[in-house]
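Trainee: Using only what follows, build the 3D model:
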Amino acid sequence: MLKHTMAKLLKKEKLTVAYFGGSITQGAGASDYKYCWRSLTTEWFKRAYPESETVEIDASIGGTGSELGEFREDNDVLKYSPDLVFIEFATNDSAGDGHLRDEETLIRKIIKHDPETDIVLVKTITERMYERLKAGEKIESYDNYEKMKEYYSLPMLDLGAEFIARIERGEGDFLTYTKDRVHPNDYGYSIYFEAVKKFLVENLSYPAALTDEKYLNAHMLDARENGKTDFEKSNEVFRQMNGFIHASEKGKSVTLDFVGTTIGVMYRVGYDNGDFEWNIDGGEYTRVRCWDDYALTFNRVSYVICSDSLEYGEHTLNIRVLGEKDERSTGTNIVISSFLVG
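Mentor: Numbers count the residues shown, from 1 in each chain. Reported below is the predicted structural model:
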C-alpha cells in the first residue's frame, strides 16, 4: 500500500510524483512523450484525483543507470521533495554488473531525505533481456531489485511481464510492442500503463475489512459542550478526561440528542462516585454503578455502551443521578467526560 500517497490524496493535498529512470521512463519510442507510461500515469492521477494537484518530476535520462543516478538524485529528484518516486533503472543496469550499491544508494538517499516518501521499483524488459531469461541466465539488476524489495519492504512493478505473457501466447513478438526491440511503441506503452494503473488502484485502496466498518465514524462528544444538563462543568484534567461535567444530587440530569446507531458514556470510577441511570428514546432505564473495589485505592476512567444496535437516525439519550451508592463509597458523585457516538 502506498500509504503516504494515499494520505495526500485523501486530504486533497498536492501530490508530487517523480519518475527516476532511463529512456523507457523518458518515453523513447513513443510517437509523442504524452503516450509514454510516465505521462499516462500522471494524467491518470489528475483524472482520478481532480481535487489534488498532481505535479510530475521527469527525472529520466536515456542511456543512463543508477550509477549516474546516485550523483544527480539530489538535484533531479530530492530537491522537489516528492511524495512518490518510481525508480526504473533495471534495464540500463542490466548491461553491466556491480550495481547493487548504486541501486541501494538511490533508495537510502530518498529515505534519508524523507522516510515517508513512497518508493516503487520498476522492472522493464527488452528482447535481449527476455532471451537471457529464457536461456536461464540471471539478470543481476532484476535480482538486485528483488533484494531491495524484500530488505526495504518496497512494492515492485514488473511492467515487462505482460509483454512476455502476450508473446508466449503467440500474440506477436517484441516488434509488436516496441519500436526497436527495446523501447515500447505507443501500443507497448499503453500496455505498460495498464499495469501501472492496476497497481495504483490496488495500492491506493484500503484492504477489505476482516469484520465490518460499523465504527469507522466512531467519535467522542465533549459532555461540557454537547447536550442539555444541570450538571456543573469543570476544566480539570484527569487522565484522558480533558474536562468533564459532574453532579451528586439526586435528579440531576443530562439529555443528548444524537444521530447514529451506537451511544455510550465515558465516566470516572472513583472513591466518591455513586450510581446513575440512562435510557434511550424514553425507554426503560438501566443503572450504572461508577464505583467498584478498585476505587478503594485509585480512580480511573471507564465507559458503558448503552446501545450499539439502534436503527440509524436521530435518538435521545437521557441520564439522571440516582443519589445512591455502594456503602463503601464516600459520595454519590457522577463524573462524565464524553459521549461515545457511532
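Trainee: So residue 199 is in contact with residue 158, correct?
Mentor: No: look at residue 199 against residue 158 with CB atoms under 8 Å: they stay out of range, at 9.5 Å. In short, each C-beta sits where N, CA and C put it, glycine included.
Trainee: got the contact list for the biggest helix by length in the chain?
Mentor: Of all the segments assigned as helix in the chain under DSSP state H, the longest by residue count is helix 186-203. Surrounding helix 186-203, the residues in contact under the criterion CB atoms under 8 Å, 6 or more residues apart in numbering are 1-2, 6, 27, 29-31, 35-37, 40-41, 44, 120, 124, 155, 157-159, 161-163, 166, 176-178, 184.
Trainee: Restricted to strands, list the residues you listed.
Mentor: Within the contacts of helix 186-203, residues falling in strands by DSSP state E are 120, 157, 158.
Trainee: To which secondary structure element is the closest residue in space to the second one that isn't next to it in sequence assigned?
Mentor: With CB to CB, 6 or more residues apart in numbering as the measure, residue 122 is the residue that lies nearest to residue 157, at 4.8 Å, once sequence neighbours are left out. For residue 122, the element it lies in under DSSP states H and E is strand 118-123.
Trainee: From the chain's centroid, how far away is that strand?
Mentor: With CA atoms, centre = their mean, to the nearest Å as the basis, the distance from the averaged C-alpha position of strand 118-123 to the chain average is 17 Å.
Trainee: Stretch 145-160 now?
Mentor: The gap between where stretch 145-160 is centred and where its chain is centred comes out at 19 Å by CA atoms, centre = their mean.
Trainee: list the buried ones in stretch 24-40?
Mentor: By neighbour count with 16 or more other CB atoms under 10 Å, stretch 24-40 contains the buried residues 24-30, 35-40.
Trainee: Out of these, list just those in helices.
Mentor: The helices, defined by DSSP H, take in 24, 25, 26, 37, 38, 39, 40 from those.
Trainee: Can I get those in a markdown table including pLDDT and distance to residue 67?
Mentor: Output for those, formatted as a markdown table (pLDDT from 0 to 100; distance: CB to CB, whole Å):
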| residue | pLDDT | distance to residue 67 |
| --- | --- | --- |
| 24 | 98 | 17 |
| 25 | 97 | 16 |
| 26 | 97 | 17 |
| 37 | 98 | 23 |
| 38 | 98 | 21 |
| 39 | 98 | 26 |
| 40 | 98 | 28 |
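Trainee: closest to residue 61 among these?
Mentor: Of all those, the one with the least separation from residue 61 (CB to CB) is residue 26, at 7.0 Å.
Trainee: and that closest one, what does it touch?
Mentor: Residues touching residue 26, when contacts are defined by CB under 8 Å, 6+ apart, comprise 33, 36, 38, 58, 60, 61, 62.
Trainee: can you rerun that using 6 Å?
Mentor: 60, 62 (CB atoms under 6 Å, 6 or more residues apart in numbering).
Trainee: Spell out the residue ranges of the helices in the stretch 151-300 of the chain.
Mentor: If DSSP state H, counting those that start in this stretch is used as the criterion, the helices of the stretch 151-300 of the chain fall at 160-168, 174-177, 186-203.
Trainee: unless I'm mixing things up, residue 312 is touching residue 262, no?
Mentor: No: if you go by CB atoms under 6 Å, residue 312 and residue 262 don't touch, sitting 9.7 Å apart.
Trainee: For these two, indicate the residue with more neighbours.
Mentor: The neighbour comparison of residue 312 against residue 262 (other CB atoms under 10 Å) goes to residue 262, with 20 against 9.
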